[in-house]
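Asks: got a predicted model here, sequence first, then my questions.
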Amino acid sequence: MSDAAWPELLGDHAVVNTGSPHFVRFCADIRGLDLDREGKSVRWSPAYAREGINVNFLLPLDEKSLALRTYERGVEAETLSCGTGATAAALSYFAAGKTTATELSVRTEGGDLMIRFEPVPGGFRNIRLCGPATFVFEGDI
């Protein structure tokens, strides 16, 4: 991904498309969160049920790092890591004025990711997602 529009900020959450639609909720705790229940309630709400939306729960760790859990549409459950979700979280955190950093570390259950971006009027450009890629499954149909 190289460009994205500015997130729509709506109180305790943001909505942004980073190649797929993402709802990003700012949280004080993501460990004690019932992710399945909370994710489903947003993903299947009247506003998003038809097209679907990925639901991300963002916990700020400091100005340059976040923790993230993601309920992913299609999977209809938590995924260990979501690159477009991590990007959505980083851009939303910046857009909400929570940081001035343009390089953010995002900790997911599947590992740590680094998001780099350049803010421009109306959005972002030169967005880079960096992190490991690991083979986790093989199957036959």
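Replies: Thanks, I have it. Numbers count the residues shown, from 1 in each chain.
Asks: please make it C-alpha for all contacts and neighbour counts, starting now.
Replies: OK.
Asks: now do the same contact list for residue 88.
Replies: 16-18, 22, 24 (CA atoms under 8 Å, 6 or more residues apart in numbering).
Asks: per-residue pLDDT, the closest residue to residue 83 other than its chain neighbours?
Replies: Of all residues not flanking residue 83 in the chain, residue 129 sits nearest, at 7.0 Å (CA to CA, 6 or more residues apart in numbering). As predicted, residue 129 sits at a pLDDT of 94.
Asks: can you tell me the element residue 129 falls in?
Replies: Take DSSP states H and E as the rule and residue 129 turns out to sit in strand 123-130.
Asks: on that earlier part again, which of the contacts of residue 88 sits closest to residue 37?
Replies: residue 24 (15.5 Å; CA to CA).
Asks: report the central residue of the chain.
Replies: residue 85 (2.7 Å; CA atoms, centre = their mean).
Asks: check for me that that one belongs to a helix.
Replies: Yes - assessed by DSSP: H, G, I helix; E, B strand; the rest coil, residue 85 belongs to a helix.
Asks: what confidence value was assigned to it?
Replies: According to the model, residue 85 carries a pLDDT of 96.
Asks: and if you look at residue 135?
Replies: We note a pLDDT of 78 for residue 135 in this prediction.
Asks: which parts of the chain are helices?
Replies: Taking DSSP state H, the helices of the chain run over residues 35-43, 83-95.
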